[in-house]
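Trainee: sequence and computational prediction follow.
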Amino acid sequence: MIQAAVDYAKRFIDMKLHKEAIQECRMILEAVPQIRIDFENPTVALEKKHVVIDHVFPTEARDSMKILCDNGDFGLFNDIYDVYMDMKRPPEEREITAELICVELPSDEQRASIKNFLKKKYDLDDIIIEERQDASLGSGFIIKYKSDEYDWSAQGRANQLKSFLHDTIDEAGENVSRKEIIELLKGGVESFELEAKQNEVGDVKTVGDGIAIINGLDHAFNGEILIFDDGTRGMVQEIRRDELGVVLFGRDTKIKEGTRVVRTGKMAGVSVGEAFLGRVIDALGDPIDGGDPIKAEDFRPIECKAPSIVDRKSVSKPMETGILAIDSMFPIGRGQRELIIGDRQTGKTSIAMDTIINQKGKDVICVYVAIGQKASTVAKLVNTLKKVGAMDYTIVVQATASEPAPLQYIAPYAGTSLAEYFMYKGKDVLIVYDDLSKHAVAYRTISLLLERSPGREAYPGDVFYLHSRLLERSSRLTPEAGGGSITALPIIETQAGDVSAYIPTNVISITDGQIYLESELFFEGQRPAVNVGLSVSRVGGAAQTKAMKKAAGSLRIDLAQYKEMEVFTQFSSDLDDTTKNLLRYGKALMELLKQPLGRPLSLAEQVITLITAVSVRLYDDIKIDEVKKFQGKLLEHFENSHKAIVDRIMDEKVIDDALVEEITEVANEFKASENSSES
C-alpha cells in the first residue's frame, strides 16, 4: 500500500470521520461512477466538485472529500478506504503476520523475544509469526515483515564480510603489494563488526529488455540504485501505485520472476577525481581501457541541480576551437552551449575532436561522451587523441551501441557529473555529447518498455526536459560559487538536412547557437562544411578576442554576398569586372576556410590569415588550387622570420592599426618574393 493512502487514512481518523460515513461515500461512488470520474479529472473546476460534495455526500465526510479533490488525490480513495477500515478493526480481528526463516525452530523464549522486537519496532498490539525452516542459511535466522528484512543468518554475515573486504581492497588503491593487501585483510577481519541492518526487500514481478517491474519497496525514491540477487544494479525510473519500473545496468539473463531486490538508499552516481584524466570509462564510472583501477576522490550523483542565476557569470572568455570558420564567425565562449548539427558523415565529430586538440596547454579539461557509437569509432578517436597528447587532459565516457539502453541513457549525465567536479574546483571544462539523437532514442526505448504514452515521433512527453536539465548544467560560475565553467558541444544528427524534426528543434531551442554542417558543402570538398547562413552563436561574440573581432571584419557579409552572387551568375555568361572580382574574392575566402583534420590554427595564425585575406585581399589573384599552399608558406614565414608579431598577437590578443600595417607589409613583401622566385 502506498504511503500517501496511509497518511490520508490517519488524517481522516484524526478528523473524527466515522466508519459509517466513509462507507456511505463508497456506496455513492459505486452507485454513480460519473462522480468518481469527474473528481479524478483535473480539468473539472474545484468549485463544481465542492458543489457536488455539498449536495450529495454526508455532512461528516464533506471536508475529507474536499481535501482529496483539492490535492488532486481522489484516485487514492479505494486505497484510503482499505487502510481506514483496517485501522478501525479491533486488534483481535487484525491478522498482522511476519515471517521467520531459520535452520532450527526457535525456543519459546526466543520466539517471545522476536515478537517483542517487532511489536516495539512497528508499534503493534500483537503479531503472528509464521515459521519456515531453510538449511541453506547455515545458522541464525531471517525476519521478514512487509517489505523489511532483518538478516541474522550465517549467509548474511558472510555477505557482509565479503562486502567489507571488497571495500577495504578498493580503498587501498592500485599501488599496494600483495603482502600489504594480506596485512590489510587480516586487520580488516579482526576489526570487522557484524551488523543486523534493516533492509527493505522487494521481488521481481516481470523482467525483459533491460526493464524490471518490482513489487514491494514502498519507500524507494526516483533515481535510487537497487541491487538484485545476482549483483546486477538497477535504477528506479518509474514509481507506480503498487510497483516500481526499474532500468537495469547490465544483462537480465540471471534475473527472473521472484528474484530478490534490495534498496541501497543511494542515488545513482559516479566516482570522480583527478585520476580519471586520460582514462576511458563506462557510464557507471568503471575503467574499460585495460588500465589499473581508478582511485576516486569523491562521489557525485548523476542528476544534479543546475547552477542558479545568482551563481552564474556572463560569458566573456573565448573557448577557441582552432577552426577558422567557427572562431571568426560563430565564436564560442566558456560556459556556452553550442550545438553541432548536420547529417551523418558531415564532420560533426571531427569539429569536436579538433576543439579538444586545440585545448592543449590552455588549462582546459575535456570530457568526451560517446553515446550509441561504434566501439571501433571511439577507439580510433582515442588513439588520435593519444598521438597528439590530448588524452592527458581528456576523459572519455563510453556507452556504445552494443550496450543496454539504460547505460546509453545515463552516460551524458555521468559525464556531466565528472565535468562538474572540475568546474566547482575552478577549472574550465569542455564537454562533448556525441550524440544526443541516439541519447533520445535510448530514452524513447526505455519509456516505451515502461509503457509510457508515446507522443510525437513516439518520444515520451518529457523528452524536452531530458535534454534541458542536462544542458542547463553547463554554465560559467561566479568566483564565490567556484569560478569554473562547463562549455557544452552537443551533437545532433539530422535526416536529409531536416532541422525541423522533433529532437533537433528541441535542442536548438535549449542551446545558445548552432553550427550547421551541410552535406552538399561536404561533398563539394568544403571541409569543415559549415553553412554560414544557418549557423549562429548567440553568446560567444561577447567572448571573442578583440584581435579576432577586428581581423574578421566583414567576413560573414562578404561570404553572404559571394553566395548570392554565385547563384545569380549561374544564369549569366557575360560578367563585368566588379562581379568577377567579387567571385574571385569569395572563392579565395571559401578556400581559406578549408582546414585539414587534426590541424587547428592558433589565434595568431587565424588573425594573420584573416587580415591578409579580408583587409589586404592578398589571395584574389592567386590560383584557387594554390591558395592553401600559399597560406601555409605565409604562416611559416611569419613563424620563422617574424616571431615577434606572432608572440604579440598571442600575448596581447589585441591588434591596432600599426600592427595591421606591419602584417600587411610583411605579407606583401613575401608575396612579391614568391612571385619573383617563380618567374
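Mentor: Sure, I can see it. Numbers count the residues shown, from 1 in each chain.
Trainee: what comes up buried for the longest strand seen in the chain?
Mentor: If you go by DSSP state E, the chain has its longest strand at strand 198-208. For strand 198-208, a neighbour-count test (16 or more other C-beta atoms under 10 Å) marks 199, 200, 201, 202, 204, 205, 207 as buried. All C-beta spots, glycine's among them, are computed from the backbone N, C-alpha and C.
Trainee: could you list the low-pLDDT ranges of the protein?
Mentor: Within the chain, the segments meeting pLDDT under 70 span 1-2, 90-95, 157, 159-197, 571-573, 678-679.
Trainee: counting by contacts, list what the longest strand of the chain packs against.
Mentor: Packed against strand 198-208 by the contact rule (3 or more C-beta pairs under 8 Å, 6 or more residues apart in numbering; DSSP states H and E) you find strand 148-151, strand 211-216, strand 243-248, strand 260-267.
Trainee: 7 Å instead, please
Mentor: Strand 198-208 sits against strand 148-151, strand 211-216, strand 260-267, with contacts defined as 3 or more C-beta pairs under 7 Å, 6 or more residues apart in numbering; DSSP states H and E.
Trainee: tell me which of those strands sits nearest to residue 308.
Mentor: Taking C-beta to C-beta, strand 260-267 is the member of these nearest to residue 308, at 20.2 Å.
Trainee: contact partners of that closest one?
Mentor: With contact meaning C-beta atoms under 7 Å, 6 or more residues apart in numbering, strand 260-267 is reached by 199-204, 214, 217, 220, 223-229, 301.
Trainee: at 6 Å instead, please
Mentor: Strand 260-267 is contacted by residues 199-202, 214, 217, 220, 223, 225-229, 301 when judged by C-beta atoms under 6 Å, 6 or more residues apart in numbering.
Trainee: ditto for stretch 223-231
Mentor: Residues from elsewhere that reach stretch 223-231 (C-beta under 6 Å, 6+ apart): 233-236, 246, 254-255, 259-262, 264, 266-268, 303.
Trainee: likewise stretch 496-509?
Mentor: By C-beta under 6 Å, 6+ apart, stretch 496-509 touches 339, 437, 440, 456, 457, 464, 467, 490, 492, 494, 514.
Trainee: inside helices: which ones of those residues?
Mentor: Using DSSP state H, 437, 440, 464, 467 are the members of the contacts of stretch 496-509 that sit in helices.
Trainee: nearest to residue 567, of those?
Mentor: Nearest to residue 567 among the ones in helices among the contacts of stretch 496-509: residue 437, at 31.0 Å, using C-beta to C-beta.
Trainee: name the nearest residue to the closest one, sequence neighbours excluded.
Mentor: Sequence neighbours aside, residue 493 is the residue nearest to residue 437 in space, at 4.5 Å (criterion: C-beta to C-beta, 6 or more residues apart in numbering).
Trainee: just to revisit the earlier point, of the ones in helices among the contacts of stretch 496-509, keep whichever come out buried.
Mentor: Neighbour-count burial (16+ other C-beta under 10 Å) is assigned, among the ones in helices among the contacts of stretch 496-509, to 437, 440, 464, 467.
Trainee: quick check: the last one vs residue 247, distance?
Mentor: Residue 467 sits 18 Å away from residue 247 when distances are taken as C-beta to C-beta, to the nearest Å.
Trainee: cool, the second one as well?
Mentor: The gap separating residue 440 from residue 247 is 16 Å, by C-beta to C-beta.
Trainee: for residue 238, give the beta-bridge partners.
Mentor: Taking DSSP bridges, one obtains residue 245 as the residues bridged to residue 238.
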